[in-house]
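Peer 1: Quick one, what's the 3D model for this:
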Amino acid sequence: MFREYEELLTAQEAAEMLRVGHNAIYALLKSGKLKGFRVGRVWKIPKEAVEEYVRDSAKLWKK
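Peer 2: Here you go, the predicted structure:
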């Protein structure tokens with residue numbers, strides 16, 4: 001689905017993947033709808049978490 005991206009993303013890369021603004025990514029992280037963690041002030045988001053968010057949001061079966 002998102003093969004060109006690394007396994008661990010920044011908030012900006014996740015925003016690019018989902019074609020949303022970075023504020024939307026921060027809101028998703030804060031709400032817990034998108035899983036991620038902070039290293040200092042920088043958010044790191046597993047690519048798998050973005051894929052899971054897309055599947056859950058689209059109500060698709062998990063593989």
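
Peer 1: Would you enumerate the residues in contact with the residue sitting nearest the centre point of the chain?
Peer 2: Nearest residue to the geometric centre of the chain (Cα atoms, centre = their mean): Val50, 3.6 Å. Each residue near Val50 by Cβ atoms under 8 Å, 6 or more residues apart in numbering is listed here: 2, 9, 14, 17-18, 34. Quick note: C-beta positions are derived from backbone N, CA and C, even for glycine.

Peer 1: how does it look with 6 Å?
Peer 2: Residues near Val50 by Cβ atoms under 6 Å, 6 or more residues apart in numbering: 14, 17.

Peer 1: Now do the same for it: helix, strand or coil?
Peer 2: Per DSSP: H, G, I helix; E, B strand; the rest coil, the secondary structure class of Val50 is helix.

Peer 1: just the helices in the chain please.
Peer 2: Secondary structure of the chain (DSSP state H): helices located at 11-18, 22-31, 47-57.

Peer 1: hey, which of those helices is tucked in deepest?
Peer 2: For the helices of the chain, the largest average neighbour count (mean count of other Cβ atoms under 10 Å) is found in helix 11-18, namely a mean of 19.

Peer 1: Right, I'll leave it there.
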